[in-house]
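Peer 1: Predicted model, plus sequence, below.
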Amino acid sequence: MMEEREELIEGCFPDASADSRPFRFKKPTVFISSRVHPGETPASFVLEGILNFLSQDTLQARVLLDQFVFKIVPILNPDGV
């Protein structure tokens with residue numbers, strides 16, 4: 001992470017201050033979510049494959065993890081699932 005924080009979006013968060021914004025990452029961020037809708041059960045298997053791939057000790061996984069920040073939400077809609 002960097003010492004720099006994300007910009008405050010005017011009017012979007014009226015109670016927020018510039019100090020409450022999250023810090024910026026030095027690397028690009030990849031956001032992966034699954035199970036947004038109830039019928040998306042195959043998404044669980046795809047996400048499991050992504051996690052297995054990223055957790056392997058391979059050159060490809062290390063390159064991806066070195067160059068990107070991964071934010072993963074396995075079940076985005078727990079009420080619908």
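Peer 2: Alright, I've got the coordinates. Numbering: from 1, shown residues only.
Peer 1: contacting residues around stretch 19-27?
Peer 2: By C-beta atoms under 8 Å, 6 or more residues apart in numbering, the surrounding residues in contact with stretch 19-27 are 1-8, 67-69. The C-beta positions use only the backbone N, C-alpha and C, and glycine is treated the same way.
Peer 1: Recalculate using a threshold of 6 Å.
Peer 2: Applying C-beta atoms under 6 Å, 6 or more residues apart in numbering, the set of residues contacting stretch 19-27 from outside is 1-2, 4-6, 8, 68-69.
Peer 1: Return the subset of those lying in strands.
Peer 2: Filtering these for membership in strands, criterion DSSP state E, returns residue 69.
Peer 1: Reformat the contacts of stretch 19-27 as JSON lines; add distance to residue 44 and pLDDT.
Peer 2: Putting these into JSON lines (distance: C-beta to C-beta, whole Å; pLDDT from 0 to 100) gives the following:
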{"residue": "1", "distance to residue 44": "30", "pLDDT": "75"}
{"residue": "2", "distance to residue 44": "34", "pLDDT": "83"}
{"residue": "4", "distance to residue 44": "36", "pLDDT": "88"}
{"residue": "5", "distance to residue 44": "34", "pLDDT": "86"}
{"residue": "6", "distance to residue 44": "31", "pLDDT": "82"}
{"residue": "8", "distance to residue 44": "36", "pLDDT": "79"}
{"residue": "68", "distance to residue 44": "22", "pLDDT": "94"}
{"residue": "69", "distance to residue 44": "23", "pLDDT": "92"}
